[in-house]
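Participant: After the sequence you'll find the predicted model.
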Amino acid sequence: MKAAVRVFSQSGYQNAAIATVAAEVGLTLPGLLHYFPSKTDLLLAVLEERDAVTADMLPKESADWRTFLGSLVDIVRYNETIPGVIRAFALLSVESLSTDHPAASWFTDRSAKTHAMIARALRSGQAEGTFDPAADAGALAFEIIAMMDGLQEQWLRSGETIDMAGIFETYINRLAARYSR
């Protein structure tokens, strides 16, 4: 997977050559195609692996909204340790905005699931009386996602020199202070 991430992060999906991935791992192209029948299959495996790691960092659904938002900070902190994966993810996310991209539906589904998960955590806080009941949990979920995605882009553009996790943690702390009850 590391070779695929490296190739996708350097070239994007459209320009990535699956033969390059095969060569980097010491396989022939037919050998790699035995495991991943197409470049799309390899791409989706890379994306799934990345999400599997971060999914394990999320708390159980019974966790309160503060714990959930704290886990998002942990994910951003973890993302700082895998710049190649984040670069590939960011490139692929933007490329997937074209409807004919092989990962378009994967990113659309992932976006909807991520939004629903964050909104659900905030609504849970509203139901418990610990999160401002007048807040629009759906809109705040979009804002949180936009902050995470935007910071990733800025972090990559800076040559990974800004403190992405620190900035995001400050943002989450401000959000929590504003909406806590």
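Facilitator: Received it, and whenever you're ready, just let me know what you need.
Participant: roughly how far is stretch 158-176 from the heart of the chain?
Facilitator: 15 Å (C-alpha atoms, centre = their mean, to the nearest Å).
Participant: Give the buried residues for it.
Facilitator: By 16 or more other C-beta atoms under 10 Å, the buried positions in stretch 158-176 come out as 164-165, 168-169, 171-172, 175. From N, CA and C alone the C-beta is placed, and that goes for glycine too.
Participant: quick one: contacts of it?
Facilitator: 66, 69-70, 72-73, 76-77, 79-80, 83, 140, 144, 147-148, 151-152, 154-155 (C-beta atoms under 8 Å, 6 or more residues apart in numbering).
Participant: List only buried entries from those residues.
Facilitator: 69-70, 72-73, 76-77, 79-80, 140, 144, 147-148, 151-152, 155.
Participant: what about the helices in this protein?
Facilitator: Using DSSP state H, the helices of the chain run over 2-15, 18-24, 29-35, 39-55, 65-79, 83-95, 104-128, 137-157, 164-179.
Participant: Compute the inter-axis angle for the longest one and helix 65-79.
Facilitator: In other words, helix 104-128. 150 degrees (axes from the mean of the first three to the mean of the last three C-alpha atoms, to 10 degrees).
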